[in-house]
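A.B. asks: Provided below are the primary sequence and the corresponding predicted coordinates.
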Amino acid sequence: MTDPTATPEGIRERADDVSVAFLMLLERLTPEARAAFLLREVFDADYDEVAEAIGKTEAACRQLVSRAKAQLRDERPRYAVSRETHLRLLQTFMQALERVDFSAISASLAEDAMLIGDGGGKVPSFPKPMVGGRRIARLLYASCLRYGNELSVKRVLLNNQWALLRFVEGKLESAQSFETDGTRIVRILVQRNPDKLARIAAAHCNA
């Protein structure tokens, strides 16, 4: 291969430099499309090398990469927001959750906000994106009521992006990254894959 680190382990190490949001968008690709995209676009492999690695023809690999690019382009962050503004909006949202204030939670979310979950096929998650700010607010509000004092959140930097870690009974339940438009939250990406949460916990939960 062009890059000897183009293995699953090498891909994971290289991906550590990519935002959590982008990694979660990658998870929405099929395994073959994700592998083809990463090998071609991250590791700069030639298409004959991609084809050999995933057991497809070069033509099929070109199509996989093209479709992956289109899907990621459609779902990529749409707004350029400063870190300070992003942090302020996230802090407001976090305080609304801590107060269990439905109106404030709802006000933090855009009308067409989207929530995307990833359980890695190992734990229950959302089978498809949830759309609608008030719908998402009702879900989050109900969750706060359900867990009460057993629920807590912590703000951390994940891959150079502010995110929230959510704990239930002291155990990391999810990592949530956000996209904002400068005034409200437009997308929440909820990571529940236990393998990924274990790495996040090792890096942030003893700090």
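C.D. replies: Thanks, I have the structure now.

A.B. asks: Point out where this protein drops to low pLDDT.
C.D. replies: Applying pLDDT under 70 to the chain flags the ranges 1-25, 27, 74-80, 120-127, 206-207.

A.B. asks: how's it carved up into domains?
C.D. replies: With domains defined by the TED database, the chain comprises 8-75, 83-205.

A.B. asks: Dump those to a markdown table, plus mean neighbour count.
C.D. replies: Backbone N, C-alpha and C define where each C-beta goes, glycine included. Putting the domains of the chain into a markdown table (neighbours: other Cβ atoms under 10 Å) gives the following:
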| stretch | mean neighbour count |
| --- | --- |
| domain 8-75 | 17 |
| domain 83-205 | 16 |
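
A.B. asks: And the helices in this structure, which stretches?
C.D. replies: Counting by DSSP state H, the chain has helices at residues 8-15, 20-27, 31-37, 47-54, 58-75, 83-99, 102-108, 133-147, 194-204.

A.B. asks: Which of these sits closest to residue 183?
C.D. replies: For these, the distance to residue 183 is smallest for helix 83-99, at 7.6 Å, taking Cβ to Cβ.

A.B. asks: neighbouring contacts of the closest one?
C.D. replies: Contacts with helix 83-99, where a contact means Cβ atoms under 8 Å, 6 or more residues apart in numbering, come from 104-105, 107-108, 140, 144, 153, 155, 162, 164, 178, 180, 182-185.

A.B. asks: picking that back up, need the helices of the chain in a markdown table with distance to residue 116, can you?
C.D. replies: As requested, the helices of the chain are exported to a markdown table (distance: least, Cβ to Cβ, whole Å):
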| stretch | distance to residue 116 |
| --- | --- |
| helix 8-15 | 18 |
| helix 20-27 | 7 |
| helix 31-37 | 16 |
| helix 47-54 | 25 |
| helix 58-75 | 9 |
| helix 83-99 | 16 |
| helix 102-108 | 17 |
| helix 133-147 | 11 |
| helix 194-204 | 14 |
